[in-house]
Structure formats: C-alpha cells, structure tokens
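Novice: What would the 3D arrangement of this be:
(one chain, ligands or ions: 2)
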Amino acid sequence: MSQQQLRQHLLNARASMSAAQRDDAARLVAEHLMKLPQLQHPTCIGSYFSIRAELPTQVLNQQLINAGHQLALPVLHPINRGHLLFLSLSESTRWVHNQYQIPEPELHAQHIVPLQQLQVLLIPLVGFDQQGNRMGMGGGFYDRTLSGWYKGHYPQLLPIGLALDCQQVEQLPRQPWDVPLPMVITPSKVWDFRG
Ligand SMILES: Nc1nc2c(c(=O)[nH]1)N(C=O)[C@@H](CNc1ccc(C(=O)N[C@@H](CCC(=O)O)C(=O)O)cc1)CN2
Ligand SMILES: Nc1ncnc2c1ncn2[C@@H]1O[C@H](COP(=O)(O)OP(=O)(O)OP(=O)(O)O)[C@@H](O)[C@H]1O
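Specialist: Ligands and ions are numbered 1, 2, ... in the order given. From the prediction side, this is the model:
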C-alpha cells in the first residue's frame, strides 16, 4: 500500500465511526489526559480545532479552559509556508477559516505563543504505530513543528497525539523528517513511547 493509500484507508476507518462513538471516544481521551501529571496545575497547552472525523476536541478544549489552562491553537503561518503558529485563545478570540476550511484564531502578533511556553501539544492524527510514528494530513505542518522539539529546543514540551483506537497500525513507513511521538492517547489507553 502506498503512503497515500494508507492515509485514505485510515481516513475511511475514522469516518466509519458514528458521531456518537467519536464523542464517547473524546470523553475517554479527555479523562486520560486530565490525569497526566503535566495537567495537575494550570499550564499552557497547544490544542487543535477538530474537523470532519477527527477525534473531537471542542468539549475537551472547553474542559481544559475550565480547569484553568491557557490554550493555544494552530494558525497556518502567513509567510513561512508549511509552518504553524500557535495563538492564545481568549473570550474575545475571533475566528476565521483557513484554506482547509479549519477555523483558526484571527492572527494578531501579540497572541502568538512560542513553543518554549507550551508544556503540552495535542496533535491530530490520521494514524500512529507501535513505535509512536505518526501520520497526519500530509502537509508536513506538525513534522516541521516537532523538528525543533526533536532537536531538544523545547525540553519542557510534551507532544501528545490524540486518536481513535481504529487509527493504530502495526507499523507506518518512517520518512527521514518524521518525528516519533513520545505519547499517544486513545480511548482505550495512554501509549507512552518514552524509553
Ligand atoms: N483540525 C486540524 N487542524 C490542523 C491540522 C489537522 O490535521 N487537523 N493540521 C495538520 O497538519 C494543520 C492543517 N493541515 C492540513 C493539511 C491538509 C488538509 C486537507 O484537508 N487536505 C486535503 C487536500 C486539500 C487541498 O490540497 O487543498 C486532502 O488531503 O484531502 C487539512 C489540514 C493545522 N491545523
Ligand atoms: N522538517 C521539515 N522540513 C522541511 N520539509 C518537511 C519537514 N517535515 C516534513 N516536510 C515535508 O512535508 C511533506 C509532508 O510530510 P508527511 O506526508 O510526513 O506529512 P504528515 O506528517 O502526514 O502531515 P502533518 O505533519 O501536517 O500532520 C513532505 O513532503 C516533506 O517533504
């Protein structure tokens, strides 16, 4: 199976679940997440605005805000193509749609949160394997975001992939730029890939 066929296969698996099943899954993932030591005091968390059949994050995001965490959401970088910026959310955040029709906070330079300030980064997955290798939508956005982390630039940051159980495969082909995740959370389990 080619990379593109595998991505389509995993997207189909994800889409075959009902909205109610996905909501149940999101509740279980939120329970796992909220128990992590990193979330036991108010902190700064990068999250995402879920679309289509992704693990839903709207309820989870509100739960994190209610627990006192500061959230930052991804915005496609307007100049540095293929890169993401993370913008802090507030009650006055205005939303715009990006080129993929994903809602993102309106870009204001003063709302940019550098990765140095994030303790946790929640990452949408199309698939993941038993070594923590991930597959995304194919834009390389999170590969670029994670490359600095992989080099040790943000030692405080814990990247966590969020997924449905049906998104796990035994082994994904690993590209040179792929950064394996230290942790993935699915409804059934917290997958800790750290040595
Ligand atoms: N909710 C969410 N937000 C996210 C991501 C994500 O995967 N999920 N991203 C994760 O990287 C970034 C956006 N990357 C994306 C890359 C491709 C497509 C997508 O739908 N691609 C279409 C082709 C569309 C086109 O080329 O115009 C496709 O593959 O069918 C979506 C998001 C940042 N924000
Ligand atoms: N660190 C990087 N620097 C430059 N280009 C990169 C980097 N990481 C990935 N790319 C490019 O991005 C493209 C997409 O990579 P890939 O198919 O692995 O995306 P993905 O991991 O599925 O998507 P995403 O990271 O958006 O979730 C590749 O063609 C690759 O050349």
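Novice: From here on, just use CA atoms for contacts and neighbour counts.
Specialist: OK.
Novice: In the protein, where's the longest strand?
Specialist: Using DSSP state E, we find that the single longest strand of the chain is strand 70-76.
Novice: From the contact counts, what lies against that one?
Specialist: Applying 3 or more CA pairs under 8 Å, 6 or more residues apart in numbering; DSSP states H and E, one finds that strand 70-76 makes contact with strand 44-46, helix 58-66, strand 84-88, strand 103-105.
Novice: Walk me through which strands it pairs with, and which way each runs.
Specialist: strand 44-46 (parallel), strand 84-88 (antiparallel) (DSSP bridges).
Novice: My understanding was that residue 181 contacts residue 157; is that so?
Specialist: No. Counting by CA atoms under 8 Å, residue 181 sits too far from residue 157 to count as a contact (11.6 Å).
Novice: Just want to know which of the two has more residues nearby.
Specialist: Taking neighbours as other CA atoms under 10 Å, residue 181 and residue 157 compare with residue 181 leading, 23 against 20.
Novice: How about the secondary structure of residue 10?
Specialist: When classified by DSSP: H, G, I helix; E, B strand; the rest coil, residue 10 comes out as helix.
Novice: returning to that earlier point: for ligand 2, find the nearest of the helices and strands packed on strand 70-76.
Specialist: The minimum distance between ligand 2 and the helices and strands packed on strand 70-76 falls on strand 84-88, with 9.5 Å, by CA to the nearest ligand atom.
Novice: shouldn't residue 174 be in contact with residue 132?
Specialist: No. With contact defined as CA under 8 Å, residue 174 and residue 132 do not form a contacting pair (10.4 Å).
Novice: These two: which has the busier surroundings?
Specialist: residue 132 (23 against 12).
Novice: Can you list phi and psi of that one for me?
Specialist: phi 90, psi 0 (degrees, to the nearest 10).
Novice: tell me the contacts of it?
Specialist: 180-184, 193 (CA atoms under 8 Å, 6 or more residues apart in numbering).
Novice: Residue 135 too?
Specialist: 7, 125-128, 172 are the contacts of residue 135 under CA under 8 Å, 6+ apart.
Novice: Please repeat the previous calculation with a cut-off of 10 Å.
Specialist: By CA atoms under 10 Å, 6 or more residues apart in numbering, the contact set of residue 135 is 3, 6-7, 10, 124-129, 142-143, 167, 172-174, 178, 180.
Novice: Residue 184 too?
Specialist: Applying CA under 10 Å, 6+ apart, the residues near residue 184 are 29, 33, 122-123, 125, 128-130, 132-134, 159-164, 190-193.
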